[in-house]
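*Asks:* Output the structure for:
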Amino acid sequence: MFACSRWLLSTLGCLLVLGEAIAAPTCPVPDAVAAKLAGRPALLVEEGGSWKELRVNRRTSLAPGPRRFAYLFPGGEAGVVAIKFVDLRAKDEFSATQVRLIRSEFSECGLIPLIRALLPLSNAYARFGTQVDVADYVRFHMAPRDQPPILIGFHRNYPGPGASCRRTDDVRGGNREQFLYEDRFTDAMVVFKDMRLMRRAVADGKFDPNDRVDAALQKYTRYARIETQMGQYAAGAACIPFVIAGKPGARSQLWLNDLDRRDVTGRRPDSEPGWAIEWMAEAP
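*Replies:* As a prediction, this is how the structure comes out:
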């Protein structure tokens, strides 16, 4: 009986911390092409049956329509990448009012794998696709006080570095702000660090998180389309495949945020890699 109990506790501990084995997505980039990268990070796009690299911070032209991309980088431990894409608003276009959310197959840690092991639950929740108001999206990721169910469902627990179990919308670790497109600063950090500081600032009329959120929302009016995707990678050399449908004549921007990337000092990079894309007026 004791041995059985010990086994159950050991199994529970492993499930809570390590979670499910990460089913790494099949990388569409041929090994010969990946080998030429010599282990450096690179974003590639498929055109005419072949793969070409897109240079960081450089503008490139692509034919419109659904395009397959793949982000390759030398992986260490497991993690998650936030894929952020926008179309810049033209003079005759309206500002985006919705953010499209896409999450591919996802392996979790915490209680979910345990519940799945004990009960015949569907795996349908492993994928996710819907839309949310821009205002709700920004408030949730910038000054987390409201908790829209859609965004709670989008974010997940995941096996992270050091056999840790993390949350993609973790506030203390700074994950949540990585999904922002503007003003990547989490006002709620002030709340967690010093409640007295916040109360004092509010009393003096010098601190109002809503002012900062409203100012950020104004910057989002320059976008005609906003789309956030989430990709997961296992330990080792990582490949994040994803698809973006380009609109003819649109000017777009793409950013990739690795939630678990740190430099040698343990700090996040000061900026995320970005790519400018101009979609041709019509497919050749």
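
*Asks:* got the residue ranges for the strands in this protein?
*Replies:* Remark: strands assigned in the chain by DSSP state E are 42-47, 50-54, 59-62, 65-73, 79-88, 98-103, 128-133, 157-160, 164-167, 223-233, 238-246, 251-258, 274-279.

*Asks:* So which of the ones you listed is nearest residue 30?
*Replies:* Smallest distance to residue 30 across the strands of the chain (C-beta to C-beta): 7.2 Å, for strand 50-54. C-beta: built from backbone N, CA, C; applies to glycine.

*Asks:* could you give the angle of that closest one to strand 251-258?
*Replies:* Using axes from the mean of the first three to the mean of the last three C-alpha atoms, to 10 degrees, one finds that strand 50-54 and strand 251-258 are set 80 degrees apart in direction.

*Asks:* Only alpha carbons, please: show strand 50-54 as CSV.
*Replies:* Taking C-alpha atoms only, strand 50-54 is exported to CSV below (Å, rounded to 0.1, in the frame of the first residue of the first chain):
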residue,chain,number,x,y,z
SER,A,50,11.5,26.8,-52.0
TRP,A,51,12.4,28.5,-48.8
LYS,A,52,14.2,31.9,-48.5
GLU,A,53,15.4,33.8,-45.5
LEU,A,54,13.9,37.1,-44.4
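
*Asks:* buried residues in it?
*Replies:* Neighbour counts over strand 50-54 (16 or more other C-beta atoms under 10 Å) mark 51, 54 as buried.

*Asks:* now swap in stretch 274-284 and tell me
*Replies:* Neighbour-count burial for stretch 274-284, counted by 16+ other C-beta under 10 Å, picks out 275, 277, 279.

*Asks:* And residue 239, how far from residue 281?
*Replies:* Distance, residue 239 to residue 281, using C-beta to C-beta, to the nearest Å: 32 Å.

*Asks:* so who does the residue lying closest to residue 40 once chain neighbours are set aside touch?
*Replies:* Of all residues not flanking residue 40 in the chain, residue 74 sits nearest, at 7.3 Å (C-beta to C-beta, 6 or more residues apart in numbering). Contacts here follow C-beta atoms under 8 Å, 6 or more residues apart in numbering; on that basis residue 74 touches 39-41, 237-238.

*Asks:* ranking the residues you listed by neighbours, who comes first?
*Replies:* Counting neighbours by other C-beta atoms under 10 Å, residue 238 leads the contacts of residue 74 with 23 neighbours.

*Asks:* Show me the shaky parts of the stretch 51-200 of the chain.
*Replies:* The model of the stretch 51-200 of the chain has pLDDT under 70 over residues 75, 112-127, 143-146, 184-200.

*Asks:* Can you name the residues that contact the residue sitting nearest the centre point of the chain?
*Replies:* In the chain, the centroid-proximal residue (C-alpha atoms, centre = their mean) is residue 82; its distance is 1.8 Å. Each residue near residue 82 by C-beta under 8 Å, 6+ apart is listed here: 168, 178-179, 228-230, 256-257, 259.
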